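# Got a sequence here, can you model it:
(one chain, ligands or ions: 1)
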Amino acid sequence: MSDNNTKSMIRRRTLLGAPLLLAGCDWRTAATYDGDWVGASHERGHRLQALSAAGSASGSAGGLSGGSPSGSAGDSATGSASHPVAASASQGALATPVVIKRCSLAIVGGGVAGLAAARSAMSAGVDDLRLFELEDDPGGNARGHLMGGLACPLGAHYLPLPGPDAHEVSELLHELGLLRSESGRTVADERHLCHSPQERLWVDGQWVDGLLPPADKGSTRERQYRQFAQLVADTSRRLRFTLPTHRAGWTPGHALLDNLSFANWLAAQGLDDTGLLWTLDYACRDDYGAGIHTVSAWAGLHYFASRHGFHAPGDETAEREAVFTWPEGNAWITRQLAAPLGERLQSGSVVLRVSAGKHQVQIDLWNAHSKQHERWLATQAVIALPLHVAARVVAEPSAALTTAAAQLSHAPWLVANLHLRTPLTDKPGAPPSWDNVLHTPGPLVKDETEPAESPAANPALGYVDAQHQSLRPTPGPTVLTAYWALGDGDRATVARQRQALLNDSWRNWSGRVVAELARAHPDLASKTARVDLMRYGHAMSIPMPGVRGSAALQALAQVQAGRLQFAHSDLAGYSVFEEAYTLGVAAGRAAAGRR
Ligand SMILES: Cc1cc2nc3c(=O)[nH]c(=O)nc-3n(C[C@H](O)[C@H](O)[C@H](O)COP(=O)(O)OP(=O)(O)OC[C@H]3O[C@@H](n4cnc5c(N)ncnc54)[C@H](O)[C@@H]3O)c2cc1C
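Okay, here's the model as predicted:
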């Protein structure tokens, strides 16, 4: 049995007990930081509950009966465990609106898709539009935060250079000045591209360059790295993989891959090296919120085949994927998208019900700023909400909407921002990078006896450094943004993980994050001033087997005949900027054309 295999037999739980000993100190005694839950308007859920109670007490048509914000406190509507609006809007009666207003186009949801819809409708000449967003800041999963005066992401933090199929994204980036054409070539503005070194891996007590666990020359691991690289190249020759995905078409070959798990596909190819499987599992958890046992083989291969392939160590053709990134993450883009909206953006608006009639669309919402119930009447509406929310907000949802919403399972995510007073003392090996990932040794088969919140159930994803792009000559205070996806497992397991995320305290979750990172940084706790946590109950849909090929999802992504168009990354079956933006542009154009 090889050394690697011996290691893989050791239970991951045992190894995860070790970090604090390795660290040579107890992080708990060294910890002096404070912090809080941030990013989601908890009180909005509570107010809705109060409104609901008042409405039922009065016995009038008022209130939001049936709505329960339980589990929603501390969770944005995008991510609510049980959406405060959802159960109430379609089932219960709504309060009589205090104000009734009109607009030509209503956009519901101000994430990337909703902002893109607004942008494309405005460029098609629609001026009289309103975008309703529940939170105070638009951007959804791509919002930013500030700690000690330093910008950091609350969610999405990078955008790869767009490929040839992402025309809409390319156009946007040209307009924002991130791309320009020079002598027939597209050139990126270097200031916004991730600086070197881009990524490193903490493995066996040292940092190594890149994200692959090291492989000895001639070892099984090295052979399997090459074999997987070849399989990705062969599959891309046979089938198209594009970003956005719908431009690849959908063939029986895609459907075959979509119907089995990535882990089963890998096993069928004879790929079993723990280093390779760890890398692929990490990539899937990082992009899809769930690992190789949960996502489809289509999703696993799409990750590599739609971009630059998979490169084994020593591959001469290997190019590190160029990505745009900013201290505040993709909030840099969403803020630029939101700026031209001016008063057309109505934040703090919790949309409760959207009813499409013969002559108009009626939007009922709770205005959290004026504390009033408003009714808006529009000619067309774009629903840029996660589908489980849309299915409940839209009155009389179509069969496609209810089916698609039921098919999707969303991954919960935790994003922790750690404000450091002084730089960390680094361990030997590869230098501090933008993306710093900690390898977790052990088997990748989920241990169902592990508590949902244990890193053994869902290994954490490492951190990015918000000051990486700064050109300051010496390191100083910074913010590390650590990511933790909790979407691995079947629906019941994911639901348990969601409850653990929503119910457990800030202290416990911040402690887990610090303990996990202390494996590589023993001095982390003593240098951390504050830890702000953002939790998403339903962060992103997981491309499980069968999801990408869902006829219901494909039907919703088309231009709709009636007064409602749909736009959200959920329609692609998985969540990245390119999908959300392209779907939003199409929906905005369609709505503008139908007015
Ligand atoms: C932690 C995390 C990290 C990520 N990292 C990346 C990354 O680095 N790169 C990348 O490309 N993608 C990343 N993603 C994926 C990201 O989800 C997409 O890039 C994109 O931001 C999704 O946009 P969207 O508009 O489809 O959805 P959302 O962001 O879900 O937008 C939906 C909007 O609707 C609003 N809303 C919900 N209910 C209501 C209501 N009742 N009334 C009014 N408004 C409502 C929400 O508040 C939200 O603003 C990440 C996602 C997460 C969660």
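# A strand includes Leu418, no?
Yes: residue assignment for Leu418, taken from DSSP: H, G, I helix; E, B strand; the rest coil, places it within a strand.
# How many neighbouring residues does whatever residue of the stretch 301-450 of the chain ends up closest to the ligand have?
In the stretch 301-450 of the chain, no residue comes nearer to the ligand than Val351, which is 3.5 Å away by C-beta to the nearest ligand atom. C-beta here means a position set from N, CA and C on the backbone, and glycine is covered the same way. By the other C-beta atoms under 10 Å criterion, the neighbourhood of Val351 contains 27 residues.
# Can you show me the strands along the stretch 201-350 of the chain?
With DSSP state E, counting those that start in this stretch, the ranges of strands along the stretch 201-350 of the chain come out as 206-209, 323-325, 345-346, 349-356.
# what's the following helix or strand after the last one?
Where DSSP states H and E defines the elements, the next helix or strand beyond strand 349-356 is strand 361-367.
# Counting neighbours, which bits of the helix or strand following that next one end up buried?
Of the helices and strands lying after strand 361-367 in sequence (DSSP H and E), the nearest is strand 372-383. For strand 372-383, burial by neighbour count (16 or more other C-beta atoms under 10 Å) applies to His373, Glu374, Arg375, Trp376, Ala378, Thr379, Gln380, Ala381, Val382, Ile383.
# Among these, which one sits closest to Leu105?
Minimum distance to Leu105 across the buried residues of strand 372-383 is 5.2 Å, recorded for Gln380 (C-beta to C-beta).
# got a list of what the closest one touches?
If a contact means C-beta atoms under 8 Å, 6 or more residues apart in numbering, then Gln380 has Ser104, Leu105, Ala106, Val361, Arg563, Leu564, Gln565, Ala591, Ala592, Arg594, Arg595 as its contacts.
# Got a quick PyMOL command for the buried subset of these?
Typed into PyMOL, the line below selects the buried ones among the contacts of Gln380, using 16+ other C-beta under 10 Å:
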select buried, resi 104+105+106+361+563+564+565+591+592+595
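# among the contacts of Gln380, which are within reach of the ligand?
Residues of these in contact with the ligand (C-beta under 6 Å from any ligand atom): none.
# Let's see which of the contacts of Gln380 end up in helices.
Using DSSP state H, Ala591, Ala592, Arg594 are the members of the contacts of Gln380 that sit in helices.
# Pretty sure His293 sits against Asp488.
Yes: in this structure His293 lies within contact range of Asp488 using C-beta atoms under 8 Å: 7.0 Å.
# more crowded one of these two?
For His293 versus Asp488, the count of surrounding residues by other C-beta under 10 Å is larger for Asp488: 26 against 18.
# So that one, which state does it fall into?
The three-state label given to Asp488 by three-state DSSP is coil.
# what pLDDT does it get?
What the model reports as pLDDT for Asp488 is 92.
# sorry, back to before: need the winner for burial among the strands of the stretch 201-350 of the chain.
strand 349-356 (a mean of 24; mean count of other C-beta atoms under 10 Å).
# list the helices and strands that strand packs on?
On a contact count with 3 or more C-beta pairs under 8 Å, 6 or more residues apart in numbering; DSSP states H and E, strand 349-356 meets helix 86-91, strand 99-108, strand 361-367, strand 372-383, helix 387-393.
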